[in-house]
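**Q** Fold the following and give me the result.
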Amino acid sequence: MQFPSHSRAFNELRESMDAYDLTPALQDQFTRCISFHTVTAPGLFIGVFMVDYALELLGARHGEKLYAVAETYKCIPDPVQVIAGCTFGNHRLQVVPIGKFALTMNRPSEKKIVEGVRVYVDADKLKQYRIINAWYTHSTDFDSRTMIYPLIDEILKAGRDILSYQRVDVHVSLKKAWKSVPCSSCGEMVPDIALEGDHCMGCGSMSYYEVVP
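**A** Residues are numbered from 1 along each chain as shown. I've put the predicted structure just below:
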């Protein structure tokens with residue numbers, strides 16, 4: 001589901017952000033994240049508040065090297081990448097797809113355990129916000145045809161009020177030594193630690209294509 005991308009939508013969005021006293025810096029983060037995500041999905045808006053909150057709880061400096069774990073592929077990974085600079089490409093973003101709207105962030109560590117902060121949508125706090133709760137719980141009380149504007153407005157109004165956090169110990173995956181070896185099936189080079197027997201996962205459990213003759 002997304003917020004319609006036309007002038008009325010963006011004008012109303014800006015008016016709502018001003019009405020709820022979102023700082024210019026946070027408004028800029030919303031604009032950047034919407035551009036990156038390409039749609040103004042409600043989950044993206046919540047994700048922006050989550051990342052902003054996590055950075056504050058960590059006391060992180062702008063541009064500081066951080067690591068993040070998102071507990072869903074839906075929406076959250078994008079504000080993490082845009083705002084915190086933790087991306088799939090720089091290996092500082094991991095997704096553990098357990099279906100929770102939550103994220104954990106921490107600083108680098110050479111140890112197996114590092115302290116971090118986990119921010120999540122709190123089901124009890126959601127009950128204070130009728131529209132968000134109906135949308136989030138997939139209730140039949142939510143009608144996407146008529147309630148999308150009120151939903152976005154209520155998310156901006158709620159901000160962090162629907163979020164909670166935990167101080168957590170994060171288990172760090174230490175780097176493993178590896179060397180490149182050829183897959184016995186396709187012949188392409190892969191890290192030896194990524195083999196399944198003598199063939200790569202692309203020829204095994206993670207196969208997703210067939211070569212056209």
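**Q** and stretch 101-121, which residues are buried?
**A** 101-106, 114, 116-121 (16 or more other Cβ atoms under 10 Å). Bear in mind the C-beta positions are built from the backbone N, C-alpha and C, glycine included.
**Q** Identify the farthest-apart pair in these.
**A** By the measure Cβ to Cβ, 114 and 121 form the most distant pair in those, at 23.8 Å.
**Q** re the thing from before, can you redo the buried residues of stretch 101-121 as CSV with distance to residue 189?
**A** Formatted as CSV, the buried residues of stretch 101-121 follow (distance: Cβ to Cβ, whole Å):
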residue, distance to residue 189
101, 38
102, 37
103, 34
104, 33
105, 34
106, 32
114, 32
116, 35
117, 39
118, 37
119, 39
120, 40
121, 42
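**Q** could I get these as TSV with distance to residue 133, secondary structure and pLDDT?
**A** Below are these laid out as TSV (distance: Cβ to Cβ, whole Å; DSSP: H, G, I helix; E, B strand; the rest coil; pLDDT from 0 to 100):
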residue	distance to residue 133	secondary structure	pLDDT
101	13	coil	97
102	17	strand	98
103	20	strand	98
104	24	strand	98
105	26	strand	98
106	30	strand	97
114	34	strand	95
116	28	strand	97
117	24	strand	98
118	21	strand	98
119	18	strand	98
120	15	strand	98
121	10	strand	98
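**Q** Toward the C-terminus, what is the element adjacent to the helix or strand harbouring residue 16?
**A** Applying DSSP states H and E as the criterion places residue 16 in helix 7-19. Using DSSP H and E, the next helix or strand after helix 7-19 towards the C-terminus is helix 24-37.
**Q** Tell me how many other residues crowd the closest residue to residue 12 other than its chain neighbours.
**A** Using Cβ to Cβ, 6 or more residues apart in numbering and skipping the chain neighbours, the partner closest in space to residue 12 is residue 149 (6.6 Å). Residue 149 has 15 neighbouring residues, counting by other Cβ atoms under 10 Å.
**Q** thought residue 149 was touching residue 11?
**A** No: Residue 149 sits out of contact with residue 11 when judged by Cβ atoms under 8 Å, with a separation of 11.6 Å.
**Q** can you pull the contacts of the most centrally placed residue in the chain?
**A** Centroid-nearest residue in the chain: residue 76, 1.8 Å away (criterion: Cα atoms, centre = their mean). Residue 76 makes contact with 43, 47, 50, 70, 101-103 under the criterion Cβ atoms under 8 Å, 6 or more residues apart in numbering.
**Q** and which of those is nearest residue 186?
**A** Ranked by distance to residue 186 (Cβ to Cβ), these are led by residue 70 at 31.0 Å.
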